[in-house]
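> okay, predicted coordinates and the sequence, questions at the end:
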Amino acid sequence: MTRTEQIGNKNKQKVEVEKMIAKLVRNFGLYEVCFYIEMISEMTLAELQKLRWVIAETFEPLLTGDRHSYSEGSFVEIGPRLNVETPFSTNAVAICHAMGLDKVVRIEQSKIYKLDGATREEILAQHLDQMT
């Protein structure tokens, strides 16, 4: 998945910068955690395997995949605001850079809760942090 942003330069011209976005999901049973990885360019297969190794649960790596296990409309995803880089992202990017994954510029995580008998509003009231 790619995202194109327009940024201004010194001459007030708009320059388009294309960033790559990848997604990995880790299942924790009661909920899933979705990791959104922003990269400056496409990663090689070896780099993607390193990244998956960092994100995967140490003792259960098979619970990490490319998509969540819930069907559309049956879950609520709660994550940080897009315009704020979290401390988690800062630390995760530093770890990636220490491992030679210099293409990674941001990693954010969100939690995915299944609407299992609860309403969207009930899940948001229970899990949403208004400050993030």
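Perfect, I can see it now. Numbering: from 1, shown residues only.
> which phi and psi does the nearest residue to Val104 once chain neighbours are set aside have?
For Val104, ignoring the flanking residues on the chain, the nearest one in space by C-beta to C-beta, 6 or more residues apart in numbering is Cys96 at 4.2 Å. (C-beta placed from N, C-alpha, C; glycine too.) Backbone geometry at Cys96, expressed as degrees, to the nearest 10, gives phi -60, psi -40.
> burial of Cys96, as a residue count?
Per other C-beta atoms under 10 Å, the neighbour tally for Cys96 reads 22.
> got a list of what the residue nearest the centre of the chain touches?
In the chain, the residue lying closest to the centroid (C-alpha atoms, centre = their mean) is Tyr36, at 1.7 Å. The neighbours of Tyr36, taking C-beta atoms under 8 Å, 6 or more residues apart in numbering as the test, are Ile21, Ala22, Lys23, Gly79, Arg106, Ile107, Glu108, Gln109, Ser110.
> are any of the residues you listed buried, and which?
Among the contacts of Tyr36, those classed as buried by 16 or more other C-beta atoms under 10 Å are Ala22, Arg106, Ile107, Glu108, Gln109.
> Phe75 versus the last one, what's the distance?
Spatial separation of Gln109 from Phe75 under the definition C-beta to C-beta, to the nearest Å is 15 Å.
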